[in-house]
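Participant: What follows is a predicted protein model with its sequence.
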Amino acid sequence: MSVRQTIVYPDPETLAQAVAARTLLTITDLLAEPGRTRVDIGVTGGTDGIYVLKVMGESPLAVAVDWSRVHIWWGDERFVAADSSDRNAKQAREALFDALVESGRLPESNIHEMPADARSADEIAAADADQTDAVLAQAADAYQRELVEELGEDPQLDLIMFGVGPDAHFASLFPGKQEVLIDDPHTLVAGVRDSPKPPPLRVTLTVPMIARAHRTWVFTSESRKAEAVAKAFAAPRNPEAPSSYADAADELLWLIDTAAASLL
């Protein structure tokens, strides 16, 4: 379990610039380590997360990164059609990764998207709860297998980043839902059938998988997130504030702006 460190920035733009620069420098530093062949990072969706990716693409520091050795993963995903605008992966590609692929700097095979929902609209509408759970479980199992195939039996990401919702959720781990309580170290990915935030079907990394990352960074901004941050900081492992479960093997950082920190 890591000791949480908190860094407060004056405004959302400075926060985004700092997270983007910190991410690019961390990737570059890791790639410079003797014997290292790759870096594996987990990215997040949401307003803050997608904007950070956009800023990363605009940064001169991005030129120094050997993207051919960087592998991209997701902390969670909306279980919708592959071409849906709700997909975190689609938004992330538009913000950064498509341009890197098109330029030949990032191999398409280095992008590890979570599974999409391949069912037709009629199949989705006709599915009962058990059938939906089975489809979600298959998606979660597929992503876990990919993690293990790429990173070994005990997969660890070098860095994983998350935003925080106004309800203090992170990834697709929501207050009062059973997924945040998963503590089986062999269950690294889970399906979510009844997300209180649409769309209702999600796939998410579990707390055991998140906690084994070498570095976990949680970042958020604006006064509407202040209560969520305060709840997450009030007590560790509070099911009503899932982001309080954020952990890492080596480094746990919370990166917030003054508005989000106003109730601390």
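Facilitator: Cool, got the structure. Residues are numbered from 1 along each chain as shown.

Participant: neighbours around the closest residue to G191 other than its chain neighbours, how many?
Facilitator: Nearest in space to G191, with sequence neighbours left out and distances taken as CB to CB, 6 or more residues apart in numbering, is L136 at 2.7 Å. The C-beta positions use only the backbone N, C-alpha and C, and glycine is treated the same way. By the criterion of other CB atoms under 10 Å, L136 has 20 neighbours.

Participant: which parts of the helix or strand harbouring L136 are buried?
Facilitator: Per DSSP states H and E: L136 is located in helix 129-151. Applying a neighbour-count criterion of 16 or more other CB atoms under 10 Å, one finds 132, 135-136, 139-140, 143-144, 146-147, 151 buried in helix 129-151.

Participant: average pLDDT for the helix or strand following it?
Facilitator: Later in the chain than helix 129-151, the nearest helix or strand by DSSP H and E is strand 159-162. Strand 159-162 comes out with an average pLDDT of 98.

Participant: and strand 159-162, what does it pack onto?
Facilitator: helix 12-31, strand 39-43, helix 46-58, strand 215-220 (3 or more CB pairs under 8 Å, 6 or more residues apart in numbering; DSSP states H and E).

Participant: how does it look with 10 Å?
Facilitator: helix 12-31, strand 39-43, helix 46-58, strand 70-74, helix 207-211, strand 215-220, strand 251-257 (3 or more CB pairs under 10 Å, 6 or more residues apart in numbering; DSSP states H and E).

Participant: Turn these into CSV, columns for mean pLDDT, distance to I124 and mean neighbour count.
Facilitator: Formatted as CSV, the helices and strands packed on strand 159-162 follow (pLDDT from 0 to 100; distance: least, CB to CB, whole Å; neighbours: other CB atoms under 10 Å):
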stretch, mean pLDDT, distance to I124, mean neighbour count
helix 12-31, 98, 35, 19
strand 39-43, 98, 27, 23
helix 46-58, 96, 24, 20
strand 70-74, 98, 21, 23
helix 207-211, 98, 27, 21
strand 215-220, 98, 32, 26
strand 251-257, 98, 37, 22
